[in-house]
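> I need the structure of the sequence given here:
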Amino acid sequence: METAADREGRARPGKATRASRVTERLRAAILTGELRPGAKVNLDQMRGTFGVSLSPLREAIARLVPTGLVEFEDQRGYRIAPVSRENLAQVTRLRADLESLALGYACDRAGIDWEGAVLGTLHRLNRTERDAARPETLEAWEAAHTDFHMALIGGCGMPMLIDFCRTLHNLNNRYRRLLFAHHPGDRNVAGEHGVIAEAAVARDGPKAAALLRAHVERTGARLAELIGAALPEANR
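Here you go, the predicted model:
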């Protein structure tokens, strides 16, 4: 499945393409915890780490500010956005509200191609291995998981709402990757995904939206249980 980054990179050649690629590399490094929450962004050090010149690196960092993954402070520069219980609670609440809203719209408005996308991404997600001992499988599963959730809301017909949902999904994924890395899941997530998809393609908008909301809120509750023990005191 083509991602937004793929489309952006293809449409904007030259310097913009380099900045787009650096943006995605930085985004991945933040989501996986390679760039730690609250860390100051040292552009010179990062330039060497990522093997890029300063100009596309600056542009990439600036692009991540609106996503909530990077913060800019006057006189202090950039830093990786910190994590906290309060931020997690907001991300969970907003994601539950907006994704369920978007899914309700999709059930009412989307065509048959949307149904195919939902079922296709669910099938790929269910067939994607996830083994904590093999990081590459975790990355593949996370990508398939994101594709499924984006497919669910993709038929809502509201690009702004989809963008908001994508931002919140990425912020939520950051907590998931930081906190679930050493704590195996305690739920039948595949089963939850299945009943959401079933209700969606049956065009039962209220049921699908309620199931999706409960799914997001259960994940948020589990993350809230783990955050205190797993994160440094400064980031609680």
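> domain ranges for the protein?
Domain segmentation of the chain under automatic domain parsing yields 4-80, 85-235.
> tabulate those domains (CSV), appending mean neighbour count.
C-beta here means a position set from N, CA and C on the backbone, and glycine is covered the same way. Below are these laid out as CSV (neighbours: other C-beta atoms under 10 Å):
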stretch, mean neighbour count
domain 4-80, 15
domain 85-235, 17
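> pipe these into JSON lines and attach mean pLDDT per row.
What follows is the domains of the chain, written out as JSON lines (pLDDT from 0 to 100):
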{"stretch": "domain 4-80", "mean pLDDT": "81"}
{"stretch": "domain 85-235", "mean pLDDT": "91"}
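> center of this protein, which residue is that?
Asn170 (2.1 Å; C-alpha atoms, centre = their mean).
> tell me how far that one lies from Ala200.
Distance from Asn170 to Ala200, counting by C-beta to C-beta, to the nearest Å: 22 Å.
> now do Glu225
29 Å.
> what secondary structure does the residue nearest to the centre of the chain sit in?
For Asn170, the assignment made with DSSP: H, G, I helix; E, B strand; the rest coil gives helix.
> gap between it and Leu31?
When Asn170 is compared with Leu31 (using C-beta to C-beta), they lie 7 Å apart.
> which residues does the nearest residue to Thr67 once chain neighbours are set aside contact?
Spatially, and ignoring its direct neighbours in sequence, Thr67 is nearest to Thr167 (5.5 Å; C-beta to C-beta, 6 or more residues apart in numbering). Contacts of Thr167 were listed using C-beta atoms under 8 Å, 6 or more residues apart in numbering, and they are Pro66, Thr67, Gly68.
> restricted to helices, list those residues.
In helices, defined here by DSSP state H, there are no members of the contacts of Thr167.
> could you dump the residues you listed to JSON lines with distance to Thr92?
Output for those, formatted as JSON lines (distance: C-beta to C-beta, whole Å):
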{"residue": "Pro66", "distance to Thr92": "20"}
{"residue": "Thr67", "distance to Thr92": "17"}
{"residue": "Gly68", "distance to Thr92": "14"}
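> hmm, what's the outermost residue in the chain?
Distance-from-mean max, the chain, by C-alpha atoms, centre = their mean: Gln75 at 29.8 Å.
> helix, strand or coil for that one?
Under three-state DSSP, Gln75 falls in the coil class.
> separation between it and Arg166?
Distance from Gln75 to Arg166, by C-beta to C-beta: 31 Å.
> what's the answer for Ala117, then?
Taken as C-beta to C-beta, the span from Ala117 to Arg166 is 15 Å.
> who's in contact with stretch 65-85?
26-27, 30-31, 35-41, 43, 61-62, 64, 167, 170-171, 174-175, 178, 224, 227-228, 231, 234-236.
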